[in-house]
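Asks: Take a look and give me a structure for this.
(3 chains)
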Amino acid sequence: MRKKTIIEICVMAILAIIAPLLKDFSGGIFSLMNTALIYGVYGMGYDLLYGYTSQTSYGSSLFLGLGAYGFLLSVRNFNAGFFPALFIGLLIVAVVAIAIGLFAVRMAESYFVITTIILVWIGYYLAMNMVGITGGDDGLSITVPPVSLGLIDFSVYDPLVGYYVFWSFFVITFFILKRIVSSHLGKVFIAIRTNPNRVEFLGYNLVYGKFIAFVLSSIIIGLAGSLLAVRFRYSSASYFSITYAALPIIWCVLGGAGTLWGAFLGAVIFLVFQYFVSSWWVNYLIIFGVLLIAIMKFSPKGILGIVKKRIKGASHEHFRNT
Amino acid sequence: MNILETHNLTKKFGGLVAVNDVDFVLKKGEKRGIIGPNGAGKTTFFNLLSGLLMPSSGEVIFQGKKITHLAPYKRTKLGISRTFQLTNVFFDMTVFENVWIGVNCRCKHPLNPFSCADKDTCVAEKTKKICELIGLGDKLEEVAGNLSGGDQRLLEVAIGLSTEPVVLLLDEPTSGLSPKESVELVKTLKSLPKELSIVLIEHNIDAVFDFSKIITVFHEGKIIAEDSPVKIRKNKKVKEVYLGE
Amino acid sequence: MLETLLFSFFNGLIWALIVSLVALGLCIIFGIMRVVNVAHGELYAIGAIISFIFFKDFNLNFWIAMILSMAVVGLMCAILEKVVYRVYEGSVHITLILSIGLALILQQVNLIIFGGKVAVMPAPLEGAISLLGVAFPIYRILAAGISILFLFFIWYFLFKTSLGLSIRATMQDREMASGLGINIDKISMLTFGLGGVLAAAGGVLAAPIVSVHYLMGADILTISFIVVIVGQLSLRGAVMASFLFAPLENVLALFFAPIIARVISFILMCVIVVFRQTNLITKIRGSD
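Replies: Numbering: from 1, shown residues only, chains lettered A, B, ... in the order given. The predicted model follows:
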């Protein structure tokens, strides 16, 4: 496990070092990496729910949008500073996640999925409808306040600074999630994923465990939403759409669910593909639909699943090494 | 002292009465065996005791308190533990990890998100001890799905022990074990602490008669006899119904 | 005022019938294959789109276009069952990802063949008649009649034929049915195809009422899912719930924005579910 941590730190360091190089070499790729870091947070947050407790939610974009608009409207309407706005965004997400979670995680898997789908469509149409508040499909813009750390202010309008802001959140989120996943709570999550029925007979309140995962996951997704608002100085109702809800599912399945890194890997692959393909083929999402089906059929554990098989020669994942 | 009792416990599935007005008393430290033909209601009875099912009527009482409608996880916390007839382990996890989960629920903060679980020596020690007791001490890193059927049954029992139970309900633990393994398992069960009350459902007559002080015989949802193994062997009704003589 | 109310109510009844068709498809697919078919809205849309193409570009009669569309979608679904779902049926978890993939693909396919436009599908019958003093488009009454006919066929097929019996047996207990010699593979193929046929039928019937658009499946999917949950994934429940929610929403839409009516439906669904859960606490606990 130590070795793994070293590799992870190296990857984080590389992601930090390449920034100025990329910026000068290719503006497009640099921009892509900015988004990749945010999508990484989104995907990892979703992986906590999907990969670690096996709760397939098709409604994560609800929290993405809430996080985005929570931040945006705090800045726009109340002139909040960077961190206060972030806090308000996350608070809104937490409250909604708790309200929905109390009701939804009790449900059997099929009902749960269906409920999240209904929620995402309702969220989307509400956002589209309340044009006064959300700006509908056109959206609203803001001037992002500087990131104040003590006496120093960082402006996200400096491309490099902006990158490092997103990088910081990515790194912090990753290590927090890694800690949670290897903690006592994390092992219980994995037990829930492996055999949810048995867990009840081992002294654990299954619903409570799932609920915690749901709320934590939603808050991290909300963070990603707020970061999107920071990145693009803008939010639109499209953040609430079903397409945005499908994205983390694609990333997790593609990269490998239950690994945290898989979600980031999936996001990067997605963005690279989108970068090169979307300009000449509008319907590129079809490929990802096909990929989802193909991966489930041939390698359900995604790319990292294949890699792990090769490296360890084992066909099962030990949670000790997660 | 009565550790576990039922009063008029009944479970109906539509028109079928699976458990019919059962009064059952288990004393602390008792070693009880339950036998009966297939469909007699034995597993359903366990399901009612452990909380997997709620009864149609009647009460389940543990240490003097009614637990009839208590959720399974709460019963486990109180000290009731059960194993399953069909192996129901965590197939994708190692033997160590399987037992760790149950042991963890007894530690101070089982849902601690800040700790590093692998560094918890207290839980690890207890886990290793239980695995060694059951005879899986040399297979800690084996993935449960790769174990032999017999070893998986042993793992079931180990998981049953992991939550530090006061009452252990074992549902056909020797099914799938060779005669030699069955004898080993009964020896292990006998070596368990005297205060631990154990109820054993079994079709392996030798094992259950060897282990139990009292045998309870189920038939069509009712208890038709309850006595020492010697007397049960001679019991006419039991012979008719079950032993087929 | 009363006229508008009555009109909305009648509309609600029509809509309830169409939702019933779509929701029945969802229930049957879930019952047999344990698949939560999130692509169902796309099947509804593609049904409408294909019939539109047959109607506009091939100048076929509306009803022939409808039948052809239902056949195409049904066949497509039967093939999809065999190629995509076959091995994974029974596992909600895995088939969900497959359905999401399918939904993504179909949505883009709809966009490709139809574009982003909103097209009005002319009704095969113009004019209105007077129902309780309210002028009501004849087509909608016809659509209602046809929906009722379809529902009757489904009922007859499922409850009065031996193949239907096999299907219901498989819905109850898949393993047992297989053990009794029922060809589960064939049943699954037939079921998914039937689900597709029903969704497409709903789409075609709805097309002259709501217009054709590549995202038209979103609305029906949401209401169908609400209805399926309230009906607890049972056939009868889904139909009954349709007749509760559809007219309710249509009437509410007179006073609030349609989305608010949908939110109210959702809240009602939550209330019903919670009420049932609390009542069921002392009954059998189990999972899916």
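
Asks: Show the average pLDDT along stretch A:38-56.
Replies: Averaged over stretch A:38-56, pLDDT sits at 96.

Asks: next one: stretch C:60-79
Replies: The average of the pLDDT scores along stretch C:60-79 is 94.

Asks: touching chain A at all, that stretch?
Replies: No. Figure legend: stretch C:60-79 not in contact with chain A (C-beta under 8 Å from any C-beta of the partner chain); closest approach 13.6 Å. The way it works is simple: take the backbone N, C-alpha and C, and place the C-beta from them, glycine included.

Asks: Tell me who's in contact with the closest residue to chain A within chain B.
Replies: Scanning chain B for the residue nearest chain A gives B:Cys105, at 3.4 Å (criterion: C-beta to the nearest C-beta). Contacts for B:Cys105 (C-beta atoms under 8 Å, 6 or more residues apart in numbering or on different chains) come out as A:202-204, B:76-77, B:163.

Asks: if you set the cut-off to 6 Å instead, what comes out?
Replies: By C-beta atoms under 6 Å, 6 or more residues apart in numbering or on different chains, the residues touching B:Cys105 are A:202-203, B:163.

Asks: Skipping adjacent residues, who's closest to it in space?
Replies: A:Gly203 (3.4 Å; C-beta to C-beta, 6 or more residues apart in numbering or on different chains).

Asks: ok, how many other residues are close to that neighbour?
Replies: 25 (other C-beta atoms under 10 Å in any protein chain shown).

Asks: give me phi/psi at the residue of chain B closest to chain A?
Replies: Taking degrees, to the nearest 10, you get phi -70, psi -20 for the backbone angles of B:Cys105.

Asks: quick one: the strands in the stretch 101-250 of chain A?
Replies: Using DSSP state E, counting those that start in this stretch, the strands of the stretch 101-250 of chain A run over A:140-141, A:147-149, A:152-154, A:234-235.

Asks: out of these, which comes closest to C:Ala238?
Replies: Closest approach to C:Ala238 among the strands of the stretch 101-250 of chain A (C-beta to C-beta): strand A:234-235, 36.8 Å.

Asks: Walk me through the domains of chain B.
Replies: Taking automatic domain parsing as the criterion, chain B consists of the domains B:1-79+B:165-245, B:88-164.

Asks: for chain B, what spans make up the strands?
Replies: B:2-13, B:16-27, B:31-35, B:57-62, B:65-66, B:80-82, B:167-171, B:197-201, B:214-219, B:222-227 (DSSP state E).

Asks: got it, and the stretch 101-250 of chain C?
Replies: Assigned by DSSP E, counting those that start in this stretch, the strands in the stretch 101-250 of chain C fall at C:128-131, C:134-137.

Asks: among these, which is nearest chain A?
Replies: Closest approach to chain A among the strands of the stretch 101-250 of chain C (C-beta to the nearest C-beta): strand C:134-137, 25.8 Å.

Asks: Any buried residues in that closest one, and which?
Replies: Neighbour counts using 16 or more other C-beta atoms under 10 Å in any protein chain shown place C:134, C:136-137 of strand C:134-137 among the buried residues.

Asks: So what touches stretch A:281-301?
Replies: Stretch A:281-301 is contacted by residues A:250, A:253, A:256, A:277-278, A:305-306, C:84, C:94, C:97-98, C:101, C:104-105, C:108, C:112 when judged by C-beta under 6 Å, 6+ apart.

Asks: same question for the strand or helix carrying C:Ile18, mean pLDDT?
Replies: C:Ile18 belongs to helix C:2-33 when assigned by DSSP states H and E. Average pLDDT, helix C:2-33: 92.
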